[in-house]
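In: pasting a predicted model and its sequence here:
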2 protein chains.
Amino acid sequence: MKNCVHKHHKKKQELASLTGRLRREARKITSPRAAILEILRHHPHPLTIKEIFAELPKGGCDLATIYRAMQMLEKLGMVKRFDFGDGAARFELVGEGEDGHHHHLICTRCAGVVEIDECFPEEIERRIASVNGFAGVTHRLEFFGVCPGCQK
Amino acid sequence: MKNCVHKHHKKKQELASLTGRLRREARKITSPRAAILEILRHHPHPLTIKEIFAELPKGGCDLATIYRAMQMLEKLGMVKRFDFGDGAARFELVGEGEDGHHHHLICTRCAGVVEIDECFPEEIERRIASVNGFAGVTHRLEFFGVCPGCQK
DNA sequence: CTTAAGTTGCAAACGATTTGCAATTGAAAA
DNA sequence: TTTTCAATTGCAAATCGTTTGCAACTTAAG
């Protein structure tokens, strides 16, 4: 179950559109960045820094460069950071104008990932916020279990 | 908002009951362990290793000892590990027979924590599991927002 | 083509957590 | 109690993911 099922209809973004977003933010389009975006573009599921590094063409860039790129892309809202609780951050490209909020179902055996459409019920979240007087409440939510292939 | 609101009626467990659980598992009741349990007993909210370390009486034990103790207590199901996404694990004592599953509302400004009674709807989780053929599905869920005190 | 600001590689620094190992200590047995 | 041995601890070194300082190097604007 190393592959990923996608129920979200994420249109693969054009590289030009991505670099355009960068340019608009007065960021330089360097070859490491183009290569990283290219990889993210082709992987609709969350990738760790090391996975991106591994996908990088021969003589790719330094790990630090990827870390810096992801920080910056996250700040610009172009990628969303996910935490599966295993100590390594994962990143996924976010469509223009979208916020990328969604969840995953992760196999605790093979680490396979399935994107989930369901989200925590808004009314309940709203109630939790108001009952406690909190503002701007969001949540971090991930599901864990054993995938079909790992159950035997 | 450095204090914690508790809507859960967690009865503070007796130290004797805790050490009894250890003894039953053929684990030694050492002074570091007793001190750690004593601290957890008095703090119904999730504590980081460093917080436990700081609470430790003068000449407490080594950090490594706390790490080892928490690993072991977690394995025995006596503490539950939480991840607020800030890189430091937090631990909370779990009542005998309970599984400690619950969630928190965390202030992104002051890091204050409120325990939440709500959980992700079971029927939806069940549907997510069956639709994807996953078994033994659980979830990790935490809420984030700005607490009343930090909103001004 | 020049140039200044933005970027990169590299190595060192970090913070959380783990681990090897010799010295110490519970607690079961004598 | 005292003996005895496995469980446990302290300490330092090792890991791991991530960040950062800095000099060398590009990109993109003029």
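Out: Yes, it's here.
In: residues from chain A in reach of DNA strand C?
Out: A:26-28, A:30, A:32-33, A:61-62, A:64-65, A:68-69, A:72 (C-beta under 7 Å from any atom of the strand). In this view, the C-beta of every residue, glycine as well, is placed from N, C-alpha and C.
In: pLDDT check: weakest of those residues?
Out: For these, the weakest pLDDT value sits at A:Ala26, with 80.
In: okay, it and A:Val79: tell me how far apart.
Out: 18 Å (C-beta to C-beta, to the nearest Å).
In: between these two, which is the more surrounded one?
Out: The residue with more neighbours, out of A:Ala26 and A:Val79, is A:Val79; 24 against 6, by other C-beta atoms under 10 Å in any protein chain shown.
In: so the more buried one sits against A:Glu98, correct?
Out: No - here A:Val79 does not reach A:Glu98: they are 11.5 Å apart, not a contact under C-beta atoms under 8 Å.
In: once you drop chain neighbours, what's closest to A:Glu38?
Out: Leaving aside its sequence neighbours, A:Glu38 sits nearest to A:Leu15 (C-beta to C-beta, 6 or more residues apart in numbering or on different chains; 6.2 Å).
In: distance of the one you found relative to B:Lys58?
Out: 60 Å.
In: cool, A:Ala89 as well?
Out: Going from A:Ala89 to B:Lys58 by C-beta to C-beta gives 38 Å.
In: still on that earlier bit, could you identify the buried members of the residues of chain A next to DNA strand C?
Out: Buried members of the residues of chain A next to DNA strand C, scored by 16 or more other C-beta atoms under 10 Å in any protein chain shown, are A:Arg27, A:Arg33, A:Cys61, A:Thr65, A:Ala69.
In: residues in contact with the spatially most central residue of chain A?
Out: Centroid-nearest residue in chain A: A:Glu92, 2.3 Å away (criterion: C-alpha atoms, centre = their mean). Residues near A:Glu92 by C-beta atoms under 8 Å, 6 or more residues apart in numbering or on different chains: A:Leu40, A:Pro44, A:His45, A:Pro46, A:Leu47, A:Val79, A:Lys80, A:Phe82, A:Gly100.
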